[in-house]
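Undergrad: One predicted model, sequence on top.
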Amino acid sequence: MKRRLIALMAAAVPALAVLVPTAADAVSRDSGPVAATTCAAVPASAVSAPSGTKVESVKAVAHAGGTLTFPAAPPLHPQEETLTDVPARCDFTVTVSHPGANDHVTIRVSMPQDEKRWTGRFQALGGSAYLAGDLGDAPLAGAVKAGYVASATDAGVGANPLDVSGWALTPAGKVDTPLLKNFASRSLHDMAVIGKDVAKRFYGRSVRYAYWNGCSTGGRQGYAEAQDHPADFDGILAKAPAISWDRFAVATLWSQAVFNEEKVAPTPCELAAFNTAAVKACDSLDGVGDGVVDNPRKCHWDARRLVGTKIVCKDGEVTISRATADAVRRIWEGPVSPSGRRLWYGPNKGASLDALATPGTPFPVADNWVKYFVKRDPSFDATKLTYASFAQIFRASQLRFNDVIGTDDPDLSAFAKAGGKLLSWHGQSDELVPTQGTIAYRERVNRVFGGDKRVDDFYRLFLLPGVNHCAGGPGPYPADDLGALVDWVEKGRAPATLAASAPGADGKTVTRDVCRYPMVARYTGHGDTNSAANYRCVTA
């Protein structure tokens, strides 16, 4: 499960950049190494940074290009990765701090050494879970290959996406507010300003277009930039965004309270049976039987209909009980207060319940949030939550942290005025971040601006049927979402649909043109149901 969550989710250096013209850390093969040239030095004092941010050091390393193989680097990169035709690149490591914060933040900026390989674009790469950004060589080199100056930051909180024990609390047991602020937003703006400035000093000309690219935490970060620093990026690609963090990061512990109060502990086999039944019941609501619930909000199948059903699990036959069905129904409906008031949203029917609803195993991101930030008690046991204690923790998180990491201000007028474009998508089978939270935010933005038509000028949301958190699932996945954003920003071609594809059960490729919210794709009734050509966008 941790691997799936992650797919989600400084020693002193001289002030003058160190010149180290070496071969790449990766291994060059096939085409042979391309000679690395010397990277230009940049004095730390010359790098522009936002007010309140101090540049401590700058280091430059030259890397060879060619066909590069990057060794596995778990947990983010569990397998060896190979890239071809990577240009020789210059890699800057900039260390910054914030007076009084006692922090040291690393920002990496990587770029083609040959200016002819640069498109004039800048791309910032987002994080996952509690990782502020992936500073690994492979993602940066991949962006450089595509012609970008690429950047990522660790926000000063390290490189472990699931463990915050090393930075969340001060020695006195208080929340380390400066580091949380770095993780939430401050380091993103630092990276944008510094990354673009380093590129300008290296090439002698300014970045033409700046893009954000991130999923999960990276998606939340993209929304944060649109809300807090609307001029940082021309285009923001924000996927499966973990916005409303102060609520989402508690709400995904709801199942533990449900299991305690309802006195049940369903097995993974039982939970899977409910999803299988829901998908079977709601699959054809869109007119096509493809094993995907197209619009989960239209799926009203009641978990209690499975009561008394016998299913075969690895330990033998199990009969679904009324208490288990009630628990699943409550989890799907999402957390409520003891008085019945809705607090947040549950996972969609069709999304796996393994991550958010395993008895005795709380969702790690939420578990750490409550332990270290809300309760400030690493020994806190989320498996003992009740409906009353859950509601208390939910309120405390919202009151204390919404302004810090809520990332859900619907007033995007400054971003719209700056000419920014926000392209966002969320899988309808997301098993980690409930899709309905993103929909609710979009509806709040609609209310601020007066409806979908005005909002679509600068912010478009796409809901992907059958797609899991950031990737995976039976539904078609976008082929080139970043390319669609680039076309919107640079050519004014606002995407009405996102081209997506997936391998079909019969070996054929399934294609869809995913429609922008609130529209959905519907089969015309003629032709191959696997082909996007036979679907039209209609109002849901």
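TA: Okay, I see it.
Undergrad: okay, now residue 410: neighbour count?
TA: 17 (other C-beta atoms under 10 Å). C-beta coordinates here come from the backbone N, C-alpha and C atoms, glycine included.
Undergrad: and the spatially closest residue to it that is not a sequence neighbour, what element?
TA: Nearest residue to residue 410, sequence neighbours excluded (C-beta to C-beta, 6 or more residues apart in numbering): residue 444, at 3.9 Å. Using DSSP states H and E, residue 444 maps to helix 435-449.
Undergrad: And residue 499, by the same measure?
TA: strand 497-503.
Undergrad: Starting from the helix or strand following that strand, tell me which strands it pairs with and how they run.
TA: Per DSSP H and E, the first helix or strand lying C-terminal to strand 497-503 is strand 509-515. Note on strand 509-515: by DSSP bridges, its sheet partners are strand 497-503 (antiparallel).
Undergrad: List the contacts of the strand it pairs with.
TA: For strand 497-503, the surrounding residues in contact (C-beta atoms under 8 Å, 6 or more residues apart in numbering) are 425, 462, 464, 466, 474-481, 484, 509-516, 521, 532, 537.
Undergrad: mind redoing it with 7 Å?
TA: 425, 462, 464, 474-479, 481, 484, 509-516, 537 (C-beta atoms under 7 Å, 6 or more residues apart in numbering).
Undergrad: Ok, stretch 248-263 next?
TA: Outside stretch 248-263, the residues touching it (C-beta under 7 Å, 6+ apart) are 242, 265, 323, 326-327, 330-331, 334-335, 343-344, 356-357, 359, 362-363, 365-367, 369-370, 382-387, 390, 393-394, 397, 433, 437.
Undergrad: do stretch 521-531 as well
TA: By C-beta under 7 Å, 6+ apart, stretch 521-531 touches 286-288, 290, 504, 508, 510-515, 533-538.
Undergrad: Just the buried residues of the contacts of strand 497-503.
TA: Neighbour-count burial (16 or more other C-beta atoms under 10 Å) applied to these gives 425, 462, 464, 474-478, 481, 484, 510-516.
Undergrad: all strands of the stretch 151-300 of the chain, in order?
TA: Listed in chain order, the strands of the stretch 151-300 of the chain (DSSP state E, counting those that start in this stretch) span 209-215, 235-239.
Undergrad: Run through the neighbouring helices and strands of the shortest one.
TA: When you say that, I think you mean strand 235-239. strand 209-215, helix 217-228, strand 421-427, helix 481-491 (3 or more C-beta pairs under 7 Å, 6 or more residues apart in numbering; DSSP states H and E).
Undergrad: Dihedrals phi and psi, residue 205?
TA: Backbone torsions for residue 205, taken as degrees, to the nearest 10, come to phi -150, psi 160.
Undergrad: neighbours around it, how many?
TA: By other C-beta under 10 Å, 11 other residues sit near residue 205.
Undergrad: And for it, nearest residue in space, chain neighbours not counted?
TA: residue 120 (7.8 Å).
Undergrad: quick one: contacts for that neighbour?
TA: Residues near residue 120 by C-beta under 7 Å, 6+ apart: 207, 208, 209.
Undergrad: I figured residue 66 hits residue 88, correct?
TA: No. At 8.4 Å, residue 66 does not count as touching residue 88 under the criterion of C-beta atoms under 7 Å.
Undergrad: How about residue 281, nearest residue that isn't a chain neighbour?
TA: Nearest non-adjacent residue to residue 281 (C-beta to C-beta, 6+ apart): residue 301, at 4.1 Å.
Undergrad: rewinding a little: columns mean neighbour count, distance to residue 351 and mean pLDDT on top of the strands of the stretch 151-300 of the chain, output as a markdown table?
TA: Output for the strands of the stretch 151-300 of the chain, formatted as a markdown table (neighbours: other C-beta atoms under 10 Å; distance: least, C-beta to C-beta, whole Å; pLDDT from 0 to 100):
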| stretch | mean neighbour count | distance to residue 351 | mean pLDDT |
| --- | --- | --- | --- |
| strand 209-215 | 25 | 16 | 98 |
| strand 235-239 | 27 | 16 | 98 |
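Undergrad: of all those strands, which lies closest to residue 115?
TA: Closest approach to residue 115 among the strands of the stretch 151-300 of the chain (C-beta to C-beta): strand 209-215, 16.1 Å.
Undergrad: for the protein, what's the longest helix?
TA: Taking DSSP state H as the criterion, the chain has its longest helix at helix 387-405.
Undergrad: Mind giving me the packing neighbours of that one?
TA: helix 245-251, helix 254-262.
Undergrad: measure residue 76 to residue 151 for me?
TA: Between residue 76 and residue 151 the computed distance is 17 Å (C-beta to C-beta, to the nearest Å).
Undergrad: Going by how many neighbours each has, rank the two and give me the top one.
TA: Regarding residue 76 and residue 151, a neighbour count based on other C-beta under 10 Å identifies residue 151 as having more, with 28 against 20.
Undergrad: who's the more buried one bridged to?
TA: Here residue 151, judged by DSSP bridges, has bridge partners residue 109, residue 124.
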